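Enquirer: Compute the structure for the input listed below.
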Amino acid sequence: MATIVSLLQVVLSGHSITVVLICFVAFLVSLTVAAKFSAHGRRNTPPGPPGWPVLGNLPSLTKDIHLQLTKWRYQYGDVFSVRFGLQDAVIVNGSEAIKEALVQKANHFSNRPDYYLVRCVNMHFGAVFCLYGDRWSALRRFTVSTLRFFGMGTTILEEKIQEECRHFCSALRLLVGQPVDLKNRLETSVSNIIVYMAVGKRFEYGDPKFGRLQILAERINVTFYKLYIVNCFPMLRFFPGFRKMYNELMDRTAELYSYIREYIGQHGNTAPDDIRDFIDAFNKTKQDNPGFLPDMTLTYLIADLFSAGTETSSLTLCWGFLYLTAYPDVQEKVQAELDRVVGRDRPPAFSDRINLPYTEATIMEIQRIATIIPLLPHRTSDDTTLLGYDIPAGTNVIVNLWDLHMDPSRWPDPHRFDPARFLGENGRLLTHDAFMPFSTGYRRCWGEQMGKMELFLFLTNTLQQFTLKLPEGTEPDFHGISTAFIYPRPFSLIVTKRE
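Expert: Below is the predicted model of the structure:
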């Protein structure tokens, strides 16, 4: 309890500590009593670690949450309970439990948590946090069909990705021999693919408005993560420290949405059958079906596409380049395979990947060892069971992909970067039931085919033309920065042109 008081003293500095503490503790005690009564009668719920009064397990989850949850898995099993303040949550680990929840019982486990902060910034209208039901189904059908219309998984999209690969490699040629942080350039290149599909426009490197959009998207992710406790105790948004971050989150999301609405407003109308981008497709669908989705949905959908469509691929590539510099033997094997199969006279094509098993295995190992989205939030929509435990409707569920990809019983020496995990004795690519970088079930990533194409083409085009290494005297740092994504710590690479 002394720890709680000391934390509150920091938060409440400048206020009457005694008065506020009395009111706050009285309020929390009443909530605790109410929570115990509401939980009365539950019998077969998953076990879990003991927690603090009121705060639950939050004091143990202040940093690198995925690592602590993974430790608890080995104490309490593949399905266990934790308390985020007064809110119960079930943590799902291991391929058996994940598949039972997200595939076999997808109708029960495909909802999203009704987080307070998500409601504050209207994220329920977008794709990521849209609540499971008719609106989610309509949004999913529209998004997937529109992505396919623009060539997801076909040579139409491949041409657009190849164009951005050319821009990226052209930028690298100007940076040969000097330390360079590739993160922003990768973000711009990858962003341009989804942004072109969304609003029909691409941006040049260094464009100030586009740079601002990228900064906003990243800072919103970071601030949302830091403010997670406000989802458990919304009143904290009024407290010093939290209030500043809360206001920043509101301001940044408002600014992001304002930029997007500006692009929508400037877009203009086209002929009904001239579908240039998501805006045209949305307007055409609304015209054909007036009850389709609220107009505001388009703003939040584009925001989600921009954030998720950028961060997932660009961060995976950042991690991949870092690992390839730390494991130069792997980089050399990929380059040798590219030279043998593709050569140097043409850029690699997505159709080449069937003949590049080691390269494909390397990309899969990057996705496994990095696991840039370690925890996936779900919520039950009905009373259900999981591995024999009773899970009530409305329970928040967290799927631990980090544990799945780092389980030593499935991946020997999991912290070692080794593409051979995905290769059989004959050198052919293997599938693995404990490998789910795009999740699984109804909430599986809608842009999976686009993501696979981006990772393959950016990595192969880069390694075909360049060799990457760390600056002399530096060591790779594989301990990432945890938010909703896991960011690599800032690092620089030396780019050299292959002769």
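Enquirer: What values do phi and psi take at P377?
Expert: According to degrees, to the nearest 10, the main-chain angles of P377 amount to phi -80, psi 130.
Enquirer: check contacts around the nearest residue to it once chain neighbours are set aside.
Expert: Excluding the flanking residues, the one nearest P377 by CB to CB, 6 or more residues apart in numbering is P113, at 5.0 Å. From N, CA and C alone the C-beta is placed, and that goes for glycine too. Taking CB atoms under 8 Å, 6 or more residues apart in numbering as the definition of contact, the neighbours of P113 are 129, 231, 377-379, 396.
Enquirer: between those, which is closest to D64?
Expert: D64 lies nearest to P377 out of those, by CB to CB, at 17.0 Å.
Enquirer: from memory the closest one sits against T395, does it?
Expert: No: in this structure, P377 sits apart from T395 without contact. The criterion is CB atoms under 8 Å, and the distance is 11.7 Å.
Enquirer: Between these two, which is the more surrounded one?
Expert: The neighbour comparison of P377 against T395 (other CB atoms under 10 Å) goes to T395, with 24 against 18.
Enquirer: Need the pLDDT of the more buried one.
Expert: Reading off the confidence values, T395 has pLDDT 97.
Enquirer: Nearest residue to it in space, please, no chain neighbours.
Expert: Nearest in space to T395, with sequence neighbours left out and distances taken as CB to CB, 6+ apart, is T380 at 4.8 Å.
Enquirer: Give the full set of residues in contact with that neighbour.
Expert: 108-109, 111, 391-395, 397.
Enquirer: any idea whether P412 is helix, strand or coil?
Expert: Local secondary structure at P412 is given as coil here, using DSSP: H, G, I helix; E, B strand; the rest coil.
Enquirer: That one - how many residues pack around it?
Expert: Residue neighbour count, defined by other CB under 10 Å, stands at 9 for P412.
Enquirer: go on, the one 5 residues further on?
Expert: By the criterion of other CB under 10 Å, F417 has 20 neighbours.
Enquirer: Now do A281 against Y300, distance only.
Expert: Distance of A281 to Y300, given as CB to CB, to the nearest Å: 16 Å.
Enquirer: Name only those of the contacts of T380 that count as buried.
Expert: Judged by neighbour count, with 16 or more other CB atoms under 10 Å as the criterion, the buried members of the contacts of T380 are 108-109, 111, 391, 395, 397.
Enquirer: Return the subset of those residues lying in helices.
Expert: Here DSSP state H is the test, and the buried ones among the contacts of T380 give 108-109 as lying in helices.
Enquirer: In TSV: the buried ones among the contacts of T380, plus distance to G211.
Expert: Converted to TSV, the buried ones among the contacts of T380 look like this (distance: CB to CB, whole Å):
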residue	distance to G211
H108	43
F109	38
N111	36
I391	44
T395	41
V397	37
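Enquirer: nearest to L423, of the buried ones among the contacts of T380?
Expert: When these are compared for distance to L423, the smallest value, 32.8 Å, is given by F109; criterion: CB to CB.
Enquirer: wait, the closest one sits on D382?
Expert: No: in this structure F109 lies outside contact range of D382 using CB under 8 Å: 9.2 Å.
Enquirer: For the closest residue to Y132 other than its chain neighbours, list the residues it contacts.
Expert: Once flanking residues are discounted, Y132 sits nearest to N111: 4.1 Å by CB to CB, 6+ apart. For N111, the contact set (CB under 8 Å, 6+ apart) comprises 131-132, 378-381.
Enquirer: measure N111 to T312 for me?
Expert: Where T312 is concerned, N111 sits at a distance of 22 Å (CB to CB).
Enquirer: ditto for A138
Expert: 24 Å.
Enquirer: between the two, who's got more neighbours?
Expert: Counted by other CB under 10 Å, A138 and T312 do not tie: T312 has more neighbours, with 24 against 17.
Enquirer: My read is that that one contacts I372, right?
Expert: Yes: taking CB under 8 Å as the contact criterion, T312 and I372 are neighbours in contact, 6.5 Å apart.
Enquirer: Next, show the common contact partners of those two.
Expert: Taking CB under 8 Å, 6+ apart as the contact definition, T312 and I372 share the neighbouring residues F485.
Enquirer: And H378, its phi and psi?
Expert: Here H378 shows phi and psi, under degrees, to the nearest 10, equal to phi -130, psi 180.
Enquirer: Check T474 too.
Expert: phi -100, psi 150.
Enquirer: just the one 4 residues further on next, same as before
Expert: When read as degrees, to the nearest 10, the backbone of F478 gives phi -100, psi 10.
Enquirer: Buried residues of stretch 411-427, list them for me.
Expert: By neighbour count with 16+ other CB under 10 Å, stretch 411-427 contains the buried residues 411, 417-419, 421-423.
Enquirer: Format the CA atom coordinates belonging to it as PDB.
Expert: What follows is stretch 411-427 as a C-alpha-only set of coordinates in PDB (Å, rounded to 0.1, in the frame of the first residue of the first chain):
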ATOM      1  CA  TRP A 411      11.000 -22.900 -31.200                       C
ATOM      2  CA  PRO A 412      14.300 -24.200 -29.700                       C
ATOM      3  CA  ASP A 413      16.600 -21.300 -28.600                       C
ATOM      4  CA  PRO A 414      13.900 -18.800 -29.600                       C
ATOM      5  CA  HIS A 415      16.100 -15.700 -29.200                       C
ATOM      6  CA  ARG A 416      18.500 -17.000 -31.900                       C
ATOM      7  CA  PHE A 417      17.800 -15.700 -35.400                       C
ATOM      8  CA  ASP A 418      17.700 -18.800 -37.600                       C
ATOM      9  CA  PRO A 419      15.700 -19.000 -40.900                       C
ATOM     10  CA  ALA A 420      16.500 -22.700 -41.100                       C
ATOM     11  CA  ARG A 421      13.600 -23.200 -38.600                       C
ATOM     12  CA  PHE A 422      11.200 -22.800 -41.600                       C
ATOM     13  CA  LEU A 423      13.100 -25.200 -44.000                       C
ATOM     14  CA  GLY A 424      12.900 -28.900 -44.300                       C
ATOM     15  CA  GLU A 425      15.700 -31.300 -45.000                       C
ATOM     16  CA  ASN A 426      15.200 -30.900 -48.700                       C
ATOM     17  CA  GLY A 427      15.400 -27.100 -48.400                       C
END
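Enquirer: So for this structure, the centremost residue is which one?
Expert: I373 (4.2 Å; CA atoms, centre = their mean).
Enquirer: Please, where are all the helices along the stretch 151-300 of the chain?
Expert: Taking DSSP state H, counting those that start in this stretch as the criterion, the stretch 151-300 of the chain carries its helices at 155-173, 183-199, 208-226, 228-232, 242-267, 278-288, 297-326.
Enquirer: which one of these lies closest to L102?
Expert: helix 297-326 (18.0 Å).
Enquirer: Show me which residues of that closest one are buried.
Expert: By neighbour count, with 16+ other CB under 10 Å as the criterion, the buried positions of helix 297-326 are 297-326.
Enquirer: now the angle between helix 242-267 and it, please.
Expert: Helix 297-326 runs at 110 degrees relative to helix 242-267, counting by axes from the mean of the first three to the mean of the last three CA atoms, to 10 degrees.
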